[in-house]
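Asks: after the sequence you'll find the predicted model.
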Amino acid sequence: MVHISEKLADSEQSKKTIFSFEFYPPKTGQGVQNLYDRMDRMHSLGPQFIDITWNAGGRLSKLTCEMVNVAQSVYGLETMMHLTCTGMPKEKVDEALKEAYKAGCTNILALRGDPPRENEKWEADPDGFHYAKDLVKHIRANYGDYFDICVAGYPEGCEEDTPPDLLLQHLKEKVDAGATFIITQMFYDVEIFLDWVQKCRDIGITVPIIPGIMPIHTYAAFMRRATWTKCHVPPRWLELLEPVKNDDVAVREIGRDLVVEMCQKIIDSGIHHLHFYTMNLATATRMVLEGLNLIPTLDQAHPPLPFRPSLGFNRKSENVRPIFWKNRKASYVQRTQDWDEFPNGRWGDSRSPAFGEVDSYGIGLRGSNESNIKRYGEPKTIREIADTFARYMSGKLATLPWSESSITAEVDVIKDRLIDLNRRGFLTINSQPAVNGVKSSDPVYGWGPRNGYVYQKSYLELFVSPEVLADLITNIERDPDMTYYAVDKSGSLKTNSPEGPNAVTWGVYPGKEIIQPTIVETISFLAWKDEAFRLGEDWAHCYSHGSVSRHLLQGVMDTWWLVNIVDNDFHREGKIFDLFENLEVKDLDETFEVSELMKDLGLDGKENGLPAAAAGKVNGVNGVNGGTNSITA
């Protein structure tokens, strides 16, 4: 359980400046997904927490609760949920608190809230709470100290023109009721803010006060928000911004300098936390953080594990994960969100309960058909598919259906061999090089506590044509240090790997037992198999029914095998690639046409529409034994 007030206390003690972001629920499903992607990217900027707003009357309350759950569980972001009194009966408040609790959220911003737009002034719900202090008392009475409770402060008053002294008294009542820190309304005049903070201290408010910062995106938005909140804008700001108000780039640059100057004065005054109202945008906020030198370097952004831990309820201690979801972390968390328990120090039995459904929201290929066709082209040969993979490996393509982010520096030492492998018709979707005792502080491979050492086994996961599978398996089984799994779409599994999990990444640290964070394991691989083939089919279905591209990609998914290989000798570099010497998919450039009648019937005179050489050995591979264990899943 992590309370924001603890983070603030650590910042105050260390005098290290930290920051946080506010987001609001978008109005459309696509907007929600786009915001999740942005939140995921902004995680790298290093916020201590984010908060998600609550609309007047709770009209988007279910979406707010859902977004809190996703931010905590899927993206590993410490999240504070807004909760308002406006239009909220006690029953609805209790439901929202229960959802926050279930999501693992331990921080609430308790607000009275603005009236719905159709109401001219605020009116309490007859079955609800009159003031934010009543909401604070209710949370404390029902949840004790489980939730850290934040309340709002207004350095320049609020819409209803309540006298400043009375507003301060109301704020003290909220703190006395159990609030543990304060976030202010936006402002642009530092002197007004600092004077207000002193008044808070003078009347006995001792909890941390976090300034609310609104970066400047455009001149029109800047003026609109300043007018709406009735905050004072220093004349110098207007003098600088007014002449360039029609140039958004110039406004952002000047606005950055002004907001950076304002924030630096706040930091110099002894306040070490800044809360940014992002308006769901990244650029202006990032520019301010850059100007303050607050964006972490690679060394400062040191990861605790090779994957970002989930902060969902009952899974914060999860510290082992199958490597198959290395590039699809959100999918893994969503597919395991209903598990009763998670590994605690060692990998448990992933069969109880089973992984979630493959067709769950957000599991499949993202983006519209049109955008995916534009991104991946219209392949008509195996070589053109392979070239798409090679472009990704070389950094010329930002994503693949199986990888949500760009290729990382981790694979630089094997990048050329990956590109060569793909160009020979082996379609790689996951890999890592061998690492033998690199310092845990290493900017590329390091993770976990300082003064430790990390290790990795060479790992390779790829789609393999049935025409070369038998030869590949033979090569693998000649090396006693190599283990593999090979599975087709139907679930026919071949492996020489012993039962139980096989650690492929681990760390050794002073005063700790060995940390074993990523593994290869049978049941999770079979669950991943369903997702991996589904993603390929989703790609195929981006193209029109009966098109060559759709027929080709579907054929690959229907007949090729998903293979993962582990070189269990982590001292060896690149040995895993030697398995593919003298192996190459034939007829990479063979094209084919399919008549409309044949397409409609699903027949084309070739095995699933693939070039003959690529499909001709499907039956032959079923006879491969070579000492392997053959399992039908």
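Replies: Structure received.

Asks: drop to CA atoms for contacts and neighbour counts, all remaining ones
Replies: Will do.

Asks: helices or strands up against the lengthiest helix in the chain?
Replies: The longest helix of the chain (DSSP state H) is helix 248-268. Judged by 3 or more C-alpha pairs under 8 Å, 6 or more residues apart in numbering; DSSP states H and E, helix 248-268 is in contact with helix 190-202, helix 235-241, helix 283-291.

Asks: can you map out the helices along the stretch 401-550 of the chain?
Replies: With DSSP state H, counting those that start in this stretch as the criterion, the stretch 401-550 of the chain has helices at 415-423, 466-477, 522-540, 548-559.

Asks: any idea which of the ones you listed gets closest to residue 74?
Replies: Residue 74 lies closest to helix 522-540 among the helices of the stretch 401-550 of the chain, at 17.2 Å (C-alpha to C-alpha).

Asks: for the closest one, buried residues please.
Replies: Neighbour-count burial for helix 522-540, counted by 16 or more other C-alpha atoms under 10 Å, picks out 522-540.

Asks: equivalent analysis for stretch 164-171, please.
Replies: Buried residues in stretch 164-171 (16+ other C-alpha under 10 Å): 167-168, 170-171.

Asks: any idea which helix or strand in the chain has the lowest mean pLDDT?
Replies: helix 618-621 (a mean of 36; mean pLDDT, DSSP states H and E).

Asks: just to revisit the earlier point, now tell me what touches the longest helix of the chain from outside.
Replies: If you take C-alpha atoms under 8 Å, 6 or more residues apart in numbering as the criterion, helix 248-268 is touched by 17, 188-190, 194, 215-219, 237, 240-241, 244-245, 272-274, 284, 287-289, 291-292.

Asks: list the buried ones in stretch 286-298?
Replies: The neighbour-count check on stretch 286-298 (16+ other C-alpha under 10 Å) flags 286-289, 291-292, 294-295 as buried.

Asks: apart from its neighbours in sequence, what residue is nearest residue 325?
Replies: residue 332 (6.0 Å; C-alpha to C-alpha, 6 or more residues apart in numbering).

Asks: and that neighbour, that's in a helix?
Replies: Yes - applying DSSP: H, G, I helix; E, B strand; the rest coil, one finds residue 332 inside a helix.

Asks: what's the burial count for it?
Replies: Neighbourhood size, residue 332 [other C-alpha atoms under 10 Å]: 20.

Asks: my read: it touches residue 323, true?
Replies: No - the criterion here is C-alpha atoms under 8 Å, and residue 332 misses it with residue 323 at 10.2 Å.

Asks: most packed of the helices and strands packed on helix 248-268?
Replies: Stretch with highest mean neighbour count among the helices and strands packed on helix 248-268: helix 283-291 (a mean of 19; mean count of other C-alpha atoms under 10 Å).

Asks: which among the helices of the stretch 401-550 of the chain is found nearest to residue 372?
Replies: Taking the helices of the stretch 401-550 of the chain one by one with C-alpha to C-alpha, helix 522-540 is closest: 7.7 Å.

Asks: can you put the helices and strands packed on helix 248-268 in a markdown table and add mean pLDDT and distance to residue 511?
Replies: Output for the helices and strands packed on helix 248-268, formatted as a markdown table (pLDDT from 0 to 100; distance: least, C-alpha to C-alpha, whole Å):
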| stretch | mean pLDDT | distance to residue 511 |
| --- | --- | --- |
| helix 190-202 | 97 | 43 |
| helix 235-241 | 96 | 54 |
| helix 283-291 | 95 | 36 |
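
Asks: okay if I get the ones you listed as CSV plus distance to residue 304?
Replies: Output for the helices and strands packed on helix 248-268, formatted as CSV (distance: least, C-alpha to C-alpha, whole Å):
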stretch, distance to residue 304
helix 190-202, 36
helix 235-241, 42
helix 283-291, 23
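
Asks: residue 90 is nearest to which of those helices?
Replies: helix 190-202 (30.3 Å).

Asks: can you pull out the residues in contact with that closest one?
Replies: Contact partners of helix 190-202, identified using C-alpha under 8 Å, 6+ apart, comprise 155-156, 168, 187, 206, 209, 262, 265-266.

Asks: against which helices or strands is the helix or strand that contains residue 392 packed?
Replies: Under the criterion of DSSP states H and E, residue 392 resides in helix 382-393. Secondary structure elements in contact with helix 382-393, counted by 3+ C-alpha pairs under 8 Å, 6+ apart, are helix 415-423, strand 427-432.

Asks: deepest-packed of these, please.
Replies: strand 427-432 (a mean of 22).

Asks: other SSEs contacting that strand?
Replies: helix 382-393, helix 415-423, strand 458-464.

Asks: got CSV for those, with distance to residue 493 and mean pLDDT too?
Replies: Below are the helices and strands packed on strand 427-432 laid out as CSV (distance: least, C-alpha to C-alpha, whole Å; pLDDT from 0 to 100):
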stretch, distance to residue 493, mean pLDDT
helix 382-393, 24, 97
helix 415-423, 23, 97
strand 458-464, 14, 98
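
Asks: could I get those as TSV with distance to residue 40?
Replies: As requested, these are exported to TSV (distance: least, C-alpha to C-alpha, whole Å):
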stretch	distance to residue 40
helix 382-393	21
helix 415-423	25
strand 458-464	25
